[in-house]
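Enquirer: here is a sequence together with a model predicted from it:
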Amino acid sequence: MYLAYLQSCACIAAATGHAHCHLVDYRRCWQGIHQFSRYTAGSALWLLDITAILVLVCLLPQGVFIANQLLPTTSGAGMGMKIKPVVYSRMTFNGGGTWQPIKAPTAFNYKKCDRCGGAKECSLHLHGASSWFFGSIQFPSVYSNPSAPGLLVGSGNVGGEGVGLDDNDGLCTWLSFDGGFSWTDIAEGTWIYEYADWGGLVVMSKHELNGPADEVRFSYDYGRCWRTVPLQVALHVENIRIEPDGQRPKVLLHGKACRKSFNSKCSYDATDTRSDIQGIVYALDIAQLMGDKMPVCKENDYEQWTVPADDRTPRCLLGQQQMFTRRRQDSVCLQGADYKRPVPTNKTCTCTATDTECDYGFIQDPDGGCKPLPQEKLSACPSIDTGAYYVSSTGKRLVHGDVCTGLESVILDTDGKGALRPGAKPAAQPKGTGGSGSHRAISGVFVFLVLLVVLAGIFGVWYQFLASAVAKTQVEDIAVGVKSFSVSLIGLITDKVSELLGRGHAGGPGVATASRYQPLDEELNYFQPLPAAGGDVRPPANGPAAGDGVFTIR
């Protein structure tokens with residue numbers, strides 16, 4: 001058992017409204033430090049980011065998402081013109097109906113983190129799931145957990161117009177405790193983080209990309225102040241772990257030994273040539289560290305919270321205000337493993353334009369309305385062709401999962417789910433031709449499949465003969481999620497090829513029948529209009545009958 005000094009930073013709100021800190025030194029102990037050896041053959045795990053364009057992170061409460069979008073940007077002109085892909089982070093508060101940049105802070109704690117340079121338009125860009133699970137360099141990604149409503153932590157950078165996610169310049173760690181509405185920089189560089197005590201504690205330490213860590217920091221006021229726990233032996237931190245529900249104020253910090261050329265508290269000499277890498281695990285019990293300074297929370301230590309709107313009033317998310325019970329920021333107490341968070345309360349909202357999105361055949365215009373797409377850009381949609389689904393004359397539909405009331409004030413002629421209102425006349429429906437370029441599409445599918453087979457062969461050789469045991473374990477974990485995606489992708493390609501071949505034999509472009517259409521995966525179906533149905537609709541055991549259309553999702 002190793003002794004460590006805890007440097008406690010207690011925030012005091014001065015009369016000026018600024019926060020100050022005073023330091024209190026006292027001695028407590030770690031639960032322990034365990035060591036193990038892990039053999040590495042020097043091989044690295046390289047994975048292809050097959051998501052490429054959009055990586056979604058679902059946050060709490062419902063309807064809040066963060067996405068990373070890859071867009072090409074050009075610089076120069078003529079022969080000297082260069083095209084560079086740039087990753088931009090976007091956020092939605094209405095289930096994807098509309099997307100907006102993530103607002104950068106107006107004030108910064110660390111000078112390095114401020115890359116806005118006084119620019120009026122400055123946004124925050126955060127690493128997503130693909131940055132953590134794929135690639136040779138794994139950046140900590142934006143993170144939320146059901147145990148910690150409203151808390152978000154991620155690594156990334158801010159930048160003005162035309163500046164996206166940068167892995168080098170201005171990389172910092174950021175925190176939001178209001179569901180992504182506002183953010184603050186909490187550390188320079190990349191740190192790894194975890195929530196404990198039902199979101200009442202945030203624990204973080206330097207990630208291995210940022211060099212060896214010789215301390216751990218934790219905060220019990222949602223990142224306003226941080227307490228520092230020195231480590232007796234420094235290490236390259238890989239991750240911080242907690243039990244799945246995030247209930248207890250205990251975490252495990254694990255990583256591998258480092259060389260003293262990086263930090264004097266590392267365990268390896270600079271000239272050490274051992275091939276074995278020593279693993280290090282710390283167990284941190286914050287309740288023991290704080291002792292009686294953090295009693296059990298009482299009823300008046302909690303508040304009702306929801307994501308705020310721009311005017312700081314409660315925001316409607318998917319047609320309702322969802323209020324969560326969580327510990328107040330200024331309450332110094334522990335909730336404990338026996339705490340049971342009350343069920344969130346919901347208040348239904350009146351429908352507005354934010355409860356809608358552009359329907360099939362339409363795209364959002366700069367004014368927030370929906371304008372029609374050229375018919376030749378659209379593929380045939382069996383649900384519309386058979387009259388199972390009607391697109392509103394407004395070009396809008398209700399965001400999936402939205403429960404607002406009074407939609408008729410926004411969408412006059414349909415219920416927002418494809419059914420006409422009583423007495424309403426159907427508007428002109430988008431009818432895609434979708435037949436031009438069939439042969440090019442088939443050739444493209446063939447080339448894609450050939451490349452897929454070649455890449456699979458290369459991956460198989462690597463996995464069988466070159467991959468380490470650790471790398472194989474990581475691949476097996478990731479394969480679970482990739483499997484479902486691959487099945488959906490194969491089904492989509494098969495349906496598309498069948499559709500193209502069917503048009504070729506049926507008399508030219510635009511000819512498609514409902515009997516030739518096969519339902520896709522539930523998630524893929526959502527991106528085409530779905531016929532209205534009362535409750536869940538599932539295909540019969542012997543498959544759908546001709547003309548049944550698509551099946552609704554839950």
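Expert: Good, I have the coordinates. Numbers count the residues shown, from 1 in each chain.
Enquirer: list the residues that contact residue 180.
Expert: For residue 180, the contacting residues are 59, 64, 66, 91, 102, 152, 307, by Cβ atoms under 8 Å, 6 or more residues apart in numbering. Every residue, glycine included, has its C-beta placed from N, CA and C.
Enquirer: please repeat the previous calculation with a cut-off of 7 Å.
Expert: For residue 180, the contacting residues are 59, 64, 66, 91, 102, 152, by Cβ atoms under 7 Å, 6 or more residues apart in numbering.
Enquirer: now residue 196
Expert: Applying Cβ under 7 Å, 6+ apart to residue 196 gives the contacts 203, 242, 246, 248-251, 286.
Enquirer: can we see that at 10 Å?
Expert: 147-148, 202-203, 218, 220, 240, 242-243, 246-251, 284, 286-287, 334-335 (Cβ atoms under 10 Å, 6 or more residues apart in numbering).
Enquirer: neighbours of residue 143, how many?
Expert: As a burial measure, residue 143 scores 20 neighbours (other Cβ atoms under 10 Å).
Enquirer: what's the closest non-adjacent residue to it?
Expert: Nearest non-adjacent residue to residue 143, counting by Cβ to Cβ, 6 or more residues apart in numbering: residue 153, 5.4 Å away.
Enquirer: can you check the pLDDT for the one you found?
Expert: As predicted, residue 153 sits at a pLDDT of 95.
Enquirer: what does residue 95 give?
Expert: Value for residue 95, per-residue pLDDT: 85.
Enquirer: equivalent analysis for residue 60, please.
Expert: 55.
Enquirer: in which helix or strand does residue 86 reside?
Expert: Residue 86 is part of strand 82-92, with elements assigned from DSSP states H and E.
Enquirer: confirm that residue 446 sits in a helix.
Expert: Yes. Assessed with DSSP: H, G, I helix; E, B strand; the rest coil, residue 446 lies in a helix.
Enquirer: buried set for stretch 206-220?
Expert: Buried residues in stretch 206-220, counted by 16 or more other Cβ atoms under 10 Å: 206-214, 216-220.
Enquirer: count of residues packed around residue 259?
Expert: Other residues near residue 259 come to 16 when the count uses other Cβ under 10 Å.
Enquirer: please save the CA atoms from the lengthiest strand in the chain in PDB.
Expert: In the chain, taking DSSP state E as the definition, the longest strand is strand 227-241. This file holds the C-alpha atoms of strand 227-241, laid out as PDB (Å, rounded to 0.1, in the frame of the first residue of the first chain):
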ATOM      1  CA  ARG A 227      -8.200  17.900  -6.600                       C
ATOM      2  CA  THR A 228      -4.800  16.300  -7.300                       C
ATOM      3  CA  VAL A 229      -3.600  12.900  -6.100                       C
ATOM      4  CA  PRO A 230       0.100  12.400  -6.800                       C
ATOM      5  CA  LEU A 231       1.200   8.900  -8.000                       C
ATOM      6  CA  GLN A 232       4.300   7.400  -6.500                       C
ATOM      7  CA  VAL A 233       5.100   5.500  -9.700                       C
ATOM      8  CA  ALA A 234       4.400   7.300 -13.100                       C
ATOM      9  CA  LEU A 235       2.900   5.300 -16.000                       C
ATOM     10  CA  HIS A 236       1.500   5.600 -19.500                       C
ATOM     11  CA  VAL A 237      -2.300   5.600 -18.700                       C
ATOM     12  CA  GLU A 238      -4.400   3.600 -21.100                       C
ATOM     13  CA  ASN A 239      -7.800   3.900 -19.400                       C
ATOM     14  CA  ILE A 240      -9.800   4.500 -16.300                       C
ATOM     15  CA  ARG A 241     -12.400   1.800 -15.400                       C
END
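Enquirer: that strand: which residues count as buried?
Expert: In terms of neighbour count (16+ other Cβ under 10 Å), strand 227-241 has its buried residues at 227, 229, 231, 233-240.
Enquirer: quick revisit: check contacts around the residue nearest to residue 143.
Expert: 126, 140-145, 173-177, 183, 186-187, 191-195, 202, 204, 223.
Enquirer: now do the strands in the stretch 151-300 of the chain.
Expert: 152-160, 172-176, 184-188, 191-196, 201-206, 213-219, 227-241, 250-256, 276-285 (DSSP state E, counting those that start in this stretch).
Enquirer: measure how the strand holding residue 86 sits relative to strand 152-160, angle-wise.
Expert: Per axes from the mean of the first three to the mean of the last three Cα atoms, to 10 degrees, the angle that strand 82-92 makes with strand 152-160 is 130 degrees.
Enquirer: what's the first helix or strand after strand 82-92?
Expert: Counting by DSSP H and E, the next helix or strand C-terminal to strand 82-92 is strand 100-103.
Enquirer: packing partners for that next one?
Expert: With contacts taken as 3 or more Cβ pairs under 10 Å, 6 or more residues apart in numbering; DSSP states H and E, strand 100-103 sits against strand 82-92, strand 122-126, strand 152-160.
Enquirer: where does pLDDT dip in the stretch 151-300 of the chain?
Expert: Across the stretch 151-300 of the chain, the ranges flagged by pLDDT under 70 are 167-168, 274-276.
Enquirer: mind redoing it with 80?
Expert: The model of the stretch 151-300 of the chain has pLDDT under 80 over residues 166-169, 244-246, 270-277.
Enquirer: measure residue 264 to residue 233 for me?
Expert: Going from residue 264 to residue 233 by Cβ to Cβ, to the nearest Å gives 11 Å.
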